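Undergrad: Here's a sequence, model it:
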Amino acid sequence: RMEGQGSYTLPTGTEYRGSLRDGMFDGEGELLFPTGGTYRAVWKRGVPTQGKYIFADGLEYRDKKWHYCDGYDRRFYTEICSGLKPAGISQLTNLDPPRTIPKGWYDCGDGFYDPETRVVVDYKLGFLRNA
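TA: Numbering: from 1, shown residues only. Here you go, the predicted structure:
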């Protein structure tokens, strides 16, 4: 069984790094998601007892007084950090400048999808998977 400090990659591509005991997450550790987010927690026999989620852009989730993209404040995180654009210049995604999507393809969150070849490639155009 897994014991001590180590890492384990799940079939989904999510990686755990931290303390392991009797084959389970136990102690301080973090889950690193393929999308770039991280969940840092203290684990007890495979169950997180306290933790926090950090988005890929560095924004830390808080369950109390959370005003990110709600009715109170609809700005993107980058707009909160850097300020709003001048009138007439819209920011349509959190990325500034946004990714350039190849013509006829779709952004599917972890890369681009080409409907003609039914292939998903990462944002650097490296193969990810067949659709």
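
Undergrad: other SSEs contacting the worst-scoring helix or strand of the chain on mean pLDDT?
TA: The helix or strand with the lowest mean pLDDT-type score in the chain, counting by mean pLDDT, DSSP states H and E, is helix 77-82 (a mean of 74). With contacts defined as 3 or more C-beta pairs under 8 Å, 6 or more residues apart in numbering; DSSP states H and E, helix 77-82 has no packing partner among the helices and strands. In short, each C-beta sits where N, CA and C put it, glycine included.

Undergrad: So in that sheet, which strands flank the helix or strand just after it, and in what orientation?
TA: The element immediately downstream of helix 77-82 (helix or strand, assigned by DSSP states H and E) is strand 106-107. On the basis of DSSP bridges, the sheet neighbours of strand 106-107 come out as strand 112-114 (antiparallel).

Undergrad: In the partner strand, which residues are buried?
TA: Counting neighbours by 16 or more other C-beta atoms under 10 Å, one finds that the buried residues in strand 112-114 are 112-113.

Undergrad: And the contacts of that strand?
TA: If you take C-beta atoms under 8 Å, 6 or more residues apart in numbering as the criterion, strand 112-114 is touched by 101-102, 104-107, 119-121, 123, 125, 131.

Undergrad: what comes into contact with the helix or strand just after that strand?
TA: Past strand 112-114, further along toward the C-terminus, the next helix or strand under DSSP H and E is strand 119-121. For strand 119-121, the external contacting residues (C-beta under 8 Å, 6+ apart) are 108, 110-114, 127-131.

Undergrad: ditto for stretch 5-18
TA: Contacts of stretch 5-18 with the rest of the structure, by C-beta under 8 Å, 6+ apart, involve 2, 19-20, 25, 27-34, 43.

Undergrad: Can you check the pLDDT for Glu28?
TA: Per-residue pLDDT puts Glu28 at 93.

Undergrad: Contacts only, for it.
TA: Under the criterion of C-beta under 8 Å, 6+ apart, the neighbours of Glu28 are 18-19, 40-43.

Undergrad: Including secondary structure, pLDDT and neighbour count, could those go into a markdown table?
TA: Formatted as a markdown table, these follow (DSSP: H, G, I helix; E, B strand; the rest coil; pLDDT from 0 to 100; neighbours: other C-beta atoms under 10 Å):
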| residue | secondary structure | pLDDT | neighbour count |
| --- | --- | --- | --- |
| Gly18 | strand | 93 | 19 |
| Ser19 | strand | 93 | 18 |
| Arg40 | strand | 92 | 18 |
| Ala41 | strand | 91 | 19 |
| Val42 | strand | 91 | 15 |
| Trp43 | strand | 90 | 23 |
